[in-house]
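In: give me a 3D structure for the following:
(one chain, ligands or ions: 2)
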Amino acid sequence: MSADERATVAALVDELISDSETWDPLGRADRAASLAQELPTRLRRFLSEVKVAESDVTVLSNLPVDDDLAPTPVGWDAAAKTGAGSREEVVLLLCGSAIGEPFGWSNQQDGRLIHDVVPAPGMERSLTSASSSAGLSLHTEDVFHPCRGDYVSLFCLRNPDRIGTTYARVDTLSLSAALRDLLSSDSFTFHPDDSHVGVTLNAIDGTDERERRGPSESGAVLFGPGDRPYFRFDIDFMEADGAAATDAMRVVQRELSEHAESVVLSPGDAVFIDNYRVVHGREPFTPRYDGTDRWLKRVNLTRDLRRIYTANAARSRIIVA
Ligand SMILES: O=C(O)CCC(=O)C(=O)O
Ligand SMILES: [Fe+2]
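Out: Ligands and ions are numbered 1, 2, ... in the order given. Next comes the predicted model:
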């Protein structure tokens, strides 16, 4: 993005902040959808082409990041409490609205629409975005849910150690016809990941923790257009039905790891990952917890909010899971 385009984005961010309220993130997202029409033409055209072509992984660079950015919060909940990086949330909301509709989950990061991806003490080896010393394995975002995002977008505020976001494309899988058939059958069950937290008030009611996090879903790994398939995969939160399907799942995991690439985001970069065509993860790193840690803002984007309204039986961008 040129300096002029960046200035236009910054002015629209100011406008969005002044005519919507921080306490009304859903109203702000509605407003962002119309203001996104005023983003620079080159940017809108580019993102529209990305959408039409179903490009896997797209990076925008030189988006505005505050010179006086707050220290990296120690955990997403600290960011939520202090509002750290709230202007950058609006940058992501606005640019994301040029390619999809932002939405969130009632049981993830307190139902916030824009998330913080920062390392958190005690979570270093967790299977969530708060991890650090353990890498995050390649996954489809929210693999368990039919309304999972068409895109997940990550906006980099800080990345001093240049830690890569890893990804692997469905197109790189080379599979026999028999394996393809198996992976296209409903022989797999997908579960909510650990970032979807259960209602702890009911923790002693005997309900399985997984059930409290949301429903699991059975289905296929490969689906959609035969020549250019979609897929979903998250080895940590899926099961295969039977030995053959289990083997097929392992082959996919091996192929994805072998073909993994990585993109290192710098401050001001936003990546749009096609969640139907690519799985993503993160390299391991050593957390600092001194205010200088890697820091991303994240948003889920859907192509069609009505999928979510229907699942919720309510006009809300927050999926009640
Ligand atoms: O930290 C990253 O680069 C990716 C983390 C991730 O998978 C996510 O936030 O969804
Ligand atoms: Fe993710």
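
In: okay, now the unreliable bits of the chain?
Out: Low-confidence segments of the chain, defined by pLDDT under 70, span residues 198-212.

In: show me which residues of it sit near ligand 1.
Out: Residues of the chain lying close to ligand 1 (CB under 6 Å from any ligand atom) are Val117, Ser129, Leu136, Glu141, Val152, Leu154, Thr165, His280, Gly281, Arg282, Leu296, Arg298. Where you see a C-beta, it was placed from the backbone N, CA and C, and this is true even at glycine.

In: which of those are buried? Put it as a ChimeraX command.
Out: The buried residues among the residues of the chain next to ligand 1 can be selected in ChimeraX (16 or more other CB atoms under 10 Å) with this line:
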select :117,129,136,141,152,154,165,280,281,282,296,298
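
In: any chance of the residues of the chain next to ligand 1 in TSV, plus secondary structure?
Out: Putting the residues of the chain next to ligand 1 into TSV (DSSP: H, G, I helix; E, B strand; the rest coil) gives the following:
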residue	secondary structure
Val117	strand
Ser129	coil
Leu136	strand
Glu141	coil
Val152	strand
Leu154	strand
Thr165	strand
His280	strand
Gly281	strand
Arg282	strand
Leu296	strand
Arg298	strand
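
In: Provide a list of residues in contact with the closest residue to ligand 1 within the stretch 151-300 of the chain.
Out: Residue of the stretch 151-300 of the chain nearest ligand 1, by CB to the nearest ligand atom: Thr165 (3.4 Å). Residues in contact with Thr165 (CB atoms under 8 Å, 6 or more residues apart in numbering) are Leu154, Ser262, Val263, Val264, Leu265, Val271, His280, Gly281, Arg282.

In: beta partners of the residue nearest the centre of the chain?
Out: For the chain, the residue nearest the mean C-alpha position is Val152 (3.3 Å; CA atoms, centre = their mean). Beta-bridge partners for Val152, by DSSP bridges, are Ile273, Asn300.

In: pretty sure it contacts Ala270?
Out: No - with contact defined as CB atoms under 8 Å, Val152 and Ala270 do not form a contacting pair (11.0 Å).

In: show me the helices in the stretch 1-150 of the chain, by range?
Out: 3-18, 25-35, 41-53, 76-82, 86-96 (DSSP state H, counting those that start in this stretch).

In: CA-only coordinates of the second one in PDB, if you can.
Out: Provided in PDB are the C-alpha atoms of helix 25-35 (Å, rounded to 0.1, in the frame of the first residue of the first chain):
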ATOM      1  CA  PRO A  25     -18.600  -3.600  18.300                       C
ATOM      2  CA  LEU A  26     -21.500  -5.100  16.300                       C
ATOM      3  CA  GLY A  27     -22.800  -1.700  15.300                       C
ATOM      4  CA  ARG A  28     -19.200  -0.700  14.500                       C
ATOM      5  CA  ALA A  29     -18.900  -3.700  12.200                       C
ATOM      6  CA  ASP A  30     -22.100  -2.800  10.400                       C
ATOM      7  CA  ARG A  31     -20.700   0.700   9.800                       C
ATOM      8  CA  ALA A  32     -17.400  -0.700   8.700                       C
ATOM      9  CA  ALA A  33     -19.200  -2.600   5.900                       C
ATOM     10  CA  SER A  34     -20.300   0.600   4.300                       C
ATOM     11  CA  LEU A  35     -17.100   2.600   5.000                       C
END
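
In: tell me the angle of it relative to helix 86-96?
Out: Orientation check (axes from the mean of the first three to the mean of the last three CA atoms, to 10 degrees): helix 25-35 against helix 86-96 gives 50 degrees.

In: residues of helix 25-35 that come out buried?
Out: Of the residues in helix 25-35, Pro25, Leu26, Arg28, Ala29, Arg31, Ala32, Ala33, Leu35 count as buried by neighbour count, 16+ other CB under 10 Å.

In: my read is that the first one contacts Gly111, right?
Out: If I follow you right, that is Pro25. No - checked against CB under 8 Å, the pair Pro25 and Gly111 is beyond contact range at 9.2 Å.

In: now the nearest residue to Glu124 once chain neighbours are set aside: how far from Tyr289?
Out: Distances taken as CB to CB, 6 or more residues apart in numbering put Ser133 closest to Glu124, at 4.4 Å, once the chain neighbours are dropped. Separation of Ser133 from Tyr289 (CB to CB, to the nearest Å) stands at 12 Å.

In: and for Ala178, the neighbour number?
Out: Ala178 is surrounded by 10 other residues when neighbours are defined as other CB atoms under 10 Å.

In: residues contacting the nearest residue to Glu15 once chain neighbours are set aside?
Out: Residue nearest to Glu15 in three dimensions, not counting chain neighbours: Leu35, with 6.4 Å by CB to CB, 6+ apart. When the contact criterion is CB under 8 Å, 6+ apart, the partners of Leu35 are Leu12, Glu15, Leu16, Leu94, Ser97.

In: for Asp304, same thing?
Out: Residues in contact with Asp304, defined by CB under 8 Å, 6+ apart, are Glu101.

In: which phi and psi values does it adopt?
Out: Recorded main-chain torsions at Asp304 are phi -140, psi 110, according to degrees, to the nearest 10.
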